[in-house]
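Q: The following comprises the amino acid sequence and a computationally predicted model.
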Amino acid sequence: MTMYNKVKVIRWILGNIPDQMRAPTGGLGGWLAKKIMETNASSTREAIRRLELNQDDTFVELGIGHGESLRKIAEMDKLSIPKRIVCVEISESFRHELQQTVAELPTKLPIEIYAEDCIKMPYLDDGTVTKMFGMNLVYFLNPLPEYLMEINRVMKQNGKVVFGCKFGVVPTKTNEFVNKDPESIVNAMKEAGFDVTAEKVEVYAGNYLEIKGTKR
């Protein structure tokens, strides 16, 4: 199957199970959503590498899924492991898999797991997060300005929030995928108090767009 046809197939599937993509549950739709998300592993691992994490970081991942990023962090040297790792995942099914991932990690990490929607993160104090990440998440943050307001609240000055995006496979005719225009996302982040860059990142098994905001 050509890459063009693969994109068409993935877009068709996403268009038919959009609610499962935001928060996978059970059944065939949930299974398909998880399988598609598993294809993000190489992109997630590259994004974690690019974040240049260190032992002084408070790191937050929004929509962490089954925890591929934790596997990557566990492989890194001690100086690259953040002092606090906060995992936010609203899917009960994914949280169950995440707990299994944590239990199997070769290195014990300072991990916290929360189920609440990230529109409010009361477990994070003002200005304490140095790095935040979400892969294929920003499409679902609605209303985006409110989510960005909360992200701005918890971020430390000069802290970085990174959204990994694959707009090429995002379906256009669903209500769940709200934020589908990169320029609109960048502008919203700027209005929320971030300096923003957008860069295409080439990764094996699929490229992605890195939208990175640095808190002013």
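A: In hand now; what should we look at?

Q: Give me the buried positions along the strand of greatest length in the chain.
A: Scanning the chain for the strand with the most residues, using DSSP state E, yields strand 155-165. Neighbour-count burial for strand 155-165, counted by 16 or more other CB atoms under 10 Å, picks out Met155, Gly159, Lys160, Val161, Val162, Phe163, Gly164, Cys165. In this view, the C-beta of every residue, glycine as well, is placed from N, C-alpha and C.

Q: again with stretch 45-65
A: Applying 16+ other CB under 10 Å to stretch 45-65 flags 45-48, 51, 53, 57-65 as buried.

Q: Okay, strands next: where are they in this protein?
A: 58-62, 84-88, 111-114, 129-135, 155-165, 194-201, 208-215.

Q: Show me which residues of the third one are buried.
A: Across strand 111-114, burial judged by 16+ other CB under 10 Å covers Ile111, Tyr114.

Q: Can you give the strand pairings for it, parallel or anti for each?
A: In the sheet, strand 111-114 lines up against strand 84-88 (parallel) (DSSP bridges).

Q: List the contacts of the strand it pairs with.
A: Defining contact as CB atoms under 8 Å, 6 or more residues apart in numbering, one finds that strand 84-88 is touched by 57-64, 67, 70, 73, 98, 109-114, 116, 118, 121, 123-124, 129.

Q: again, 10 Å this time
A: 53, 57-65, 67, 69-70, 73, 95, 98, 101-102, 109-118, 121, 123-124, 128-130, 132, 134, 137, 154 (CB atoms under 10 Å, 6 or more residues apart in numbering).

Q: Strand 58-62 and that one, what's the angle between them?
A: Relative orientation of strand 84-88 versus strand 58-62 (axes from the mean of the first three to the mean of the last three CA atoms, to 10 degrees): 10 degrees.

Q: Mean confidence (pLDDT) on strand 84-88, please.
A: Average pLDDT, strand 84-88: 98.

Q: so can I have CSV of the buried residues of strand 155-165 showing distance to Thr172?
A: What follows is the buried residues of strand 155-165, written out as CSV (distance: CB to CB, whole Å):
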residue, distance to Thr172
Met155, 31
Gly159, 33
Lys160, 30
Val161, 25
Val162, 24
Phe163, 19
Gly164, 20
Cys165, 15
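
Q: Since that was my last question, I'll sign off now.
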